[in-house]
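Trainee: Fold the following, please.
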Amino acid sequence: MIINYKLLLTGIVYLAILVTACGQNEQATPAVKPPTQQKAGEVIPQMPQLKPIQVTEDTRQTYQWYCSQCHGVKGKGDGINAKFLTVPPRNHTKAEYLETRTDEQLFEAIKFGGLSVGRAPCMPAWGQTLAEDTIHSLVRYIRELCDCEAF
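Mentor: All right, here's what the predicted structure looks like:
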């Protein structure tokens with residue numbers, strides 16, 4: 001076996017340059033953490049909503065596809081997977097609890113998962129699956145299910 005030391009040395013130097021240069025972009029902005037992981041006292045910028053979010057038939061179908069497996073077809077926390085979960089899914093028709101949560105808190109729970117907002121770890125994060133507009137629309141739909149408003 002013939003080893004080309006010059007080629008090997010070039011590869012090692014190239015790899016070393018890549019490894020040391022990786023992530024050293026001086027203009028890079030710091031990673032944004034979910035608001036529940038922000039340090040105390042930090043200001044969390046709020047995204048202004050430019051238009052009212054409407055609940056459409058697509059929203060209802062999205063809820064049925066992604067949420068009803070645990071939360072139930074009518075949002076009562078009685079989905080087909082509910083009996084297998086250690087922590088029962090939230091009943092979206094009960095206003096007593098949901099009226100104590102802001103729309104932003106519900107949005108974060110859907111986007112980042114239950115654990116990110118101090119709730120059930122079995123609630124998955126849907127932020128990589130659903131668009132933010134869709135998540136906002138799901139929050140409006142949950143408000144419809146409980147016939148409640150955020151405080």
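Trainee: what about residue 96, neighbour count?
Mentor: By the measure other C-beta atoms under 10 Å, the count of residues near residue 96 is 9. C-betas here are computed from N, CA, C, even on glycine.
Trainee: tell me what whatever helix or strand it lives in is packed against?
Mentor: Using DSSP states H and E, residue 96 maps to helix 95-98. Secondary-structure packing of helix 95-98 (3 or more C-beta pairs under 8 Å, 6 or more residues apart in numbering; DSSP states H and E): helix 132-146.
Trainee: who's in contact with the helix it packs on?
Mentor: Residues outside helix 132-146 that contact it (C-beta atoms under 8 Å, 6 or more residues apart in numbering): 49, 53-56, 58-60, 62-63, 67, 74-75, 92-95, 98-99, 103, 106-107, 110-111, 126-127, 130, 149-150.
Trainee: and if you look at stretch 86-96?
Mentor: 70-72, 74-77, 79, 81-82, 97-98, 119-123, 142, 145-148.
Trainee: Mind doing that once more with 10 Å?
Mentor: Stretch 86-96 is contacted from outside by 63, 67-72, 74-79, 81-82, 97-98, 101, 106, 109, 114, 119-123, 141-149, using C-beta atoms under 10 Å, 6 or more residues apart in numbering.
Trainee: picking that back up, next SSE after the helix holding residue 96?
Mentor: Counting by DSSP H and E, the element after helix 95-98 in chain order, helix or strand, is helix 103-112.
Trainee: mind saving the C-alpha coords of that next one as CSV?
Mentor: This file holds the C-alpha atoms of helix 103-112, laid out as CSV (Å, rounded to 0.1, in the frame of the first residue of the first chain):
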residue,chain,number,x,y,z
ASP,A,103,-52.2,32.6,23.7
GLU,A,104,-48.4,32.9,23.7
GLN,A,105,-48.1,30.1,26.3
LEU,A,106,-50.3,27.8,24.3
PHE,A,107,-48.3,28.7,21.2
GLU,A,108,-45.1,27.8,23.0
ALA,A,109,-46.5,24.5,24.2
ILE,A,110,-47.4,23.5,20.7
LYS,A,111,-44.2,24.8,19.0
PHE,A,112,-41.6,23.7,21.6
